[in-house]
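In: Structural data only, the sequence is not supplied:
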């Protein structure tokens with residue numbers, strides 16, 4: 001059944017990842033940890049997908065809409081959702097007005113990101129996409145690239161919207177020319193990123209390039225809640241997307257020496273409050289003034305970052321979130337490529353050795369693909385150098401205190 005396609009794909013991916021972990025380690029222990037962690041973290045979400053599939057009704061996708069109705073399948077975590085939201089914002093502005101529903105693996109997170117966009121209607125589990133898309137005039141799948149359904153039911157209707165039709169045709173042309181990358185996502189995302197970089201694009205505007213749409217900037221309206229922290233302060237994070245399951249305690253993209261960075265910052269700027277944020281994928285850092293791991297909602301994290309002098313992190317979703325508010329980040333890169341994921345205004349620190357193994361295999365974020373005990377792309381990043389860059393940035397902006405303080409609601 002089409003409705004089970006998403007579940008079957010997840011089950012297959014789960015099995016193959018466990019298989020590769022066993023091949024790398026020769027032990028069932030990391031495989032067992034991986035499966036148990038998956039069940040603990042993902043079971044409630046999977047049950048919600050099953051309930052949605054059982055309650056599925058075609059009628060819920062048939063509103064009386066004059067505008068084109070678009071089903072949008074999105075993949076990835078917080079950072080991916082933010083990049084896709086900017087694209088949908090700018091696509092909506094560039095073509096005729098359309099209404100869209102989002103289909104996502106984590107609907108509550110997707111709703112938080114997409115709900116303020118013009119044309120947004122609802123957010124549904126992505127396991128319903130296969131059955132639901134036949135009720136739309138157009139269906140679109142977006143992750144590192146875009147694919148449109150050229151056999152949709154609304155082709156005749158779309159011809160009344162020439163700008164939208166023209167953009168879809170450009171996407172179709174791109175998809176045909178790059179079919180091998182798109183059909184093998186995420187396994188060939190690293191190759192696709194190279195194509196983006198050599199087209200003078202990055203993660204933030206590559207989707208726009210594919211669709212022939214002008215990029216409208218990094219700022220994005222998101223719901224926020226205030227958290228009172230003495231100013232001036234900076235935020236710091238060393239975790240990873242909780243939706244990405246690994247067998248160990250630390251992902252390969254996570255920098256292990258942030259405590260040393262914090263010690264130098266506090267020595268040079270004792271007046272700056274250092275606030276650690278994150279979920280259960282983060283490790284407590286020595287020397288921070290406030291440890292808020294697991295103590296804040298996403299809206300509160302957004303409020304904290306929005307009013308920070310600087311955000312310090314590994315490459316990940318919170319860096320994309322900071323860019324929505326115009327907050328500069330200092331980002332330590334390792335497995336993921338800085339020239340593709342980096343924002344121009346940020347302090348982007350590429351690895352001194354190795355790196356760039358993003359999606360080289362299924363377990364790239366669990367174990368170093370070169371089988372070093374710890375990923376040397378991160379362990380050999382000098383904390384003294386990172387701290388000096390942060391200290392210099394704080395000194396440069398010492399007279400430019402933030403005026404972005406938020407009192408709640410949508411930014």
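Out: Cool, got the structure. Worth saying up front: this structure is predicted, and the values here are computed from it rather than measured.

In: quick one, what contacts the nearest residue to residue 259 once chain neighbours are set aside?
Out: Closest residue to residue 259 apart from its sequence neighbours, by CB to CB, 6 or more residues apart in numbering: residue 286 at 4.2 Å. Using the backbone N, CA and C atoms, a C-beta is placed for each residue, glycine as well. Residue 286 makes contact with 259, 262, 263, according to CB atoms under 8 Å, 6 or more residues apart in numbering.

In: which of these has the most neighbours?
Out: Sorting the contacts of residue 286 by how many neighbours each has (other CB atoms under 10 Å) puts residue 262 first, at 23 neighbours.

In: roughly how far apart are the residue nearest to the spatial centre of the chain and residue 277?
Out: With distances taken as CA atoms, centre = their mean, the residue of the chain nearest its centroid is residue 79 (2.1 Å). To residue 277, residue 79 is 15 Å away according to CB to CB, to the nearest Å.

In: And for residue 199?
Out: Residue 199 is 34 Å from residue 277, by CB to CB.

In: Please apply the same query to residue 127.
Out: Following CB to CB, the distance that separates residue 127 from residue 277 is 31 Å.

In: show me where pLDDT drops low in the stretch 1-150 of the chain?
Out: Counting by pLDDT under 70, the stretch 1-150 of the chain shows low-confidence ranges at 1-10, 46, 55, 57-64, 150.

In: again, 90 this time
Out: Scanning the stretch 1-150 of the chain with the threshold set as pLDDT under 90 gives 1-67, 130-131, 134-135, 149-150.

In: same question, the stretch 251-400 of the chain
Out: 397-400.

In: Specify the local secondary structure of the residue nearest to residue 259.
Out: Secondary structure, DSSP: H, G, I helix; E, B strand; the rest coil: residue 286 is coil.

In: Count the residues that sit near residue 209.
Out: Residue 209 sits with 16 neighbouring residues when counted by other CB under 10 Å.

In: mind checking the SS state of residue 124?
Out: Three-state call for residue 124 (three-state DSSP): strand.

In: Number of residues surrounding the spatially closest residue to residue 252 that is not a sequence neighbour?
Out: Nearest non-adjacent residue to residue 252, counting by CB to CB, 6+ apart: residue 375, 4.5 Å away. Counted with other CB under 10 Å, the neighbours of residue 375 add up to 27.

In: Now do the same contact list for residue 375.
Out: Contacts of residue 375 were listed using CB under 8 Å, 6+ apart, and they are 252, 334, 335, 354, 368.

In: cool, and residue 167?
Out: Per CB under 8 Å, 6+ apart, neighbours of residue 167: 91, 94, 95, 211, 212, 213.

In: The spatially closest residue to the fifth one that is not a sequence neighbour is in what secondary structure piece?
Out: When you say that, I think you mean residue 212. Once flanking residues are discounted, residue 212 sits nearest to residue 170: 4.6 Å by CB to CB, 6+ apart. Assigned by DSSP states H and E, residue 170 falls within helix 162-177.

In: Tell me the buried residues in that helix?
Out: Neighbour-count burial for helix 162-177, counted by 16 or more other CB atoms under 10 Å, picks out 164, 165, 167, 168, 170, 171, 174, 175.

In: all strands of the stretch 51-200 of the chain, in order?
Out: 69-74, 99-104, 120-125, 138-142, 146-148 (DSSP state E, counting those that start in this stretch).

In: bridging residues for residue 224?
Out: residue 409 (DSSP bridges).

In: which residues touch it?
Out: With contacts defined as CB under 8 Å, 6+ apart, residue 224 is in contact with 299, 300, 302, 303, 306, 406, 408, 409, 410, 411.

In: Could you rerun that using 6 Å?
Out: 299, 302, 303, 306, 406, 411 (CB atoms under 6 Å, 6 or more residues apart in numbering).

In: measure stretch 148-164 end to end?
Out: End-to-end span of stretch 148-164 (CA to CA, to the nearest Å): 12 Å.

In: Equivalent analysis for stretch 312-321, please.
Out: 12 Å.

In: Contacts for that stretch, please.
Out: Outside stretch 312-321, the residues that touch it by CB under 6 Å, 6+ apart are 77-79, 82, 236-237, 240-241, 253-255, 305, 329-333, 336, 341.

In: how about residue 227, secondary structure?
Out: coil.

In: same question, the one 4 residues further on
Out: Following three-state DSSP, we place residue 231 in the coil state.

In: now, which of the contacts of residue 224 sits nearest residue 160?
Out: The nearest member of the contacts of residue 224 to residue 160, counting by CB to CB, is residue 411 at 35.7 Å.

In: which residues touch that closest one?
Out: Residue 411 neighbours (CB under 6 Å, 6+ apart): 221, 222, 224.

In: cutoff 8 Å now
Out: Shown in contact with residue 411 (CB under 8 Å, 6+ apart): 221, 222, 223, 224, 302, 306, 324, 325.

In: Point out the ones among those residues that are inside strands.
Out: Among the contacts of residue 411, the ones falling in strands (DSSP state E) are 223, 224.

In: Now list the buried members of the contacts of residue 411.
Out: Neighbour counting over the contacts of residue 411 (16+ other CB under 10 Å) leaves 222, 223, 224, 302, 306, 324, 325 as the buried ones.

In: who's in contact with residue 222?
Out: Residues near residue 222 by CB under 8 Å, 6+ apart: 112, 113, 116, 302, 321, 324, 410, 411.

In: wait, doesn't the third one sit right on residue 324?
Out: No. Checked against CB atoms under 8 Å, the pair residue 116 and residue 324 is beyond contact range at 11.0 Å.

In: need the helices for the stretch 1-150 of the chain, in chain order.
Out: 5-25, 29-54, 78-94, 107-114, 129-132 (DSSP state H, counting those that start in this stretch).

In: Now find how far off-centre the last one is within its chain.
Out: Read it as helix 129-132. On the basis of CA atoms, centre = their mean, to the nearest Å, helix 129-132 sits 23 Å off its chain's mean C-alpha point.
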